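K.L.:
could you work out the structure for the sequence below:
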Amino acid sequence: MKRFGSFHAKAVLFVFYVMVFSGFLTGAILFILHYFGIVRFSIFNPLLLPLVALLASTILGLGLSYIFGEHVLKPVRTLTEATRKVAKGDFSVRVPEIDDGDENEIAEFLRSFNKMAQELSGIEMFRNDFINNFSHEFKTPMVSIRGFAKQLQKGGLDEQQQKEYIGIIVSESERLINLSSNILLLTRYENQQIISDKAIYSLDEQIRQCILILEKEWSAKGIEFDLDLDRTDFYGSREVMSDLWINIIGNAVKFSYDGGKIDIRCTHSGDNIRVTVRDHGCGMDKETLDHIFEKFYQGDKNHAARGNGLGLALVKRIAELCGGYIKVSSEPGKGTEFSVNLKTQQGG
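P.N.:
Residues are numbered from 1 along each chain as shown. So this is what the prediction gives:
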């Protein structure tokens, strides 16, 4: 707004200078024409020269003011009205941009406004999607818990049915706990810019520990691990990186076939660390690959595999927070490979 104010002041001064200059110029021309006899004004009086100049400058100034108002101030009025709409929550509004090859402050201001409105529109759409998805993911297990709890409350069930219903309630409760935990973690990491609790530790040993943490899941499916881990010292946060490995390895376990195998490699070359986790399960199609890191997105439309679609979004954010990045490759029926690329020394 400071720059725009500067522009407006310059425009007003410009019109003022033009009016003054045009008045003097008109008066001078009339005087010269009369003095040299080129044109004789029977009612001309040199004493009226200032009045004639004032009249000419006023007419010219009014004309310039009209042009200025139409071509310069009109976009500002449009922008003011559009800003009022945005303030009321209408992020679909856009203003016509000036594209005449002139890089002036008004043109830049209009472009910046449209970019801002577009960003706000995207944020609003994401917010609505997040609320809708969260409501769905939260409501589903709650409905299930309530339904089976009511059946237990009615009674009349044999011991086997009671165990089955209690097991479902426990399972759905754990699902809610995981959903809440992942949302809290994701919110924490998205609002965090610097990792403070850093130390040098063995990254390869941490990966082995995370596999042991998930033993209940992979042993139930009879999954084997093929490990090839270089001895790797890493400077970072144990807690943060543990969340990353548990989610990636847990995802591989989830989508592996019973009796399958998961390959994990950790290579260390210079300052570069590369960890790959490959399963030989169902794999993903291109559409799923394009959206795999989006919050609440699940490629398994039937929700056969338990999950809430937050784990990989969490993994991506952690990798970025640590100055690294993650890549994924997959083919339907041939499995999926996640590759995490890091630096031994993390800044920040």
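
K.L.:
tally up the residues packed near Lys154, please.
P.N.:
The burial metric for Lys154, expressed as a neighbour count using other C-beta atoms under 10 Å, is 8. In short, each C-beta sits where N, CA and C put it, glycine included.

K.L.:
tell me who's in contact with it.
P.N.:
Lys154 makes contact with no residue, according to C-beta atoms under 8 Å, 6 or more residues apart in numbering.

K.L.:
could you check how far it is from Val143?
P.N.:
Distance of Lys154 to Val143, given as C-beta to C-beta, to the nearest Å: 17 Å.

K.L.:
next one: Leu227
P.N.:
Separation of Leu227 from Val143 (C-beta to C-beta) stands at 41 Å.

K.L.:
try Thr83
P.N.:
Relative to Val143, and taking C-beta to C-beta, Thr83 is found at 44 Å.

K.L.:
so what are the domain limits for the chain?
P.N.:
Residue ranges for the domains of the chain, per automatic domain parsing: 2-90, 199-343.

K.L.:
where among the ones you listed is the average confidence lowest?
P.N.:
Lowest mean pLDDT within those: domain 2-90, a mean of 61.

K.L.:
who is Thr267 paired with across the strands?
P.N.:
For Thr267, the beta-bridge partners under DSSP bridges are Arg274.

K.L.:
quick one: contacts for it?
P.N.:
Shown here is Thr267, whose contacts under the criterion C-beta under 8 Å, 6+ apart are 230, 273-275.

K.L.:
among those, who's most crowded?
P.N.:
The member of these that has the most neighbours, counting by other C-beta under 10 Å, is Val275 with 25 neighbours.

K.L.:
was I right to think it contacts His268?
P.N.:
No: judged on C-beta atoms under 8 Å, Val275 makes no contact with His268 at a distance of 9.6 Å.

K.L.:
mind listing the helices for this structure?
P.N.:
With DSSP state H applied, the chain shows helices at 2-35, 49-68, 74-87, 105-154, 159-190, 203-213, 215-220, 238-254, 286-291, 311-321, listed in chain order.

K.L.:
with that, I have no additional questions.
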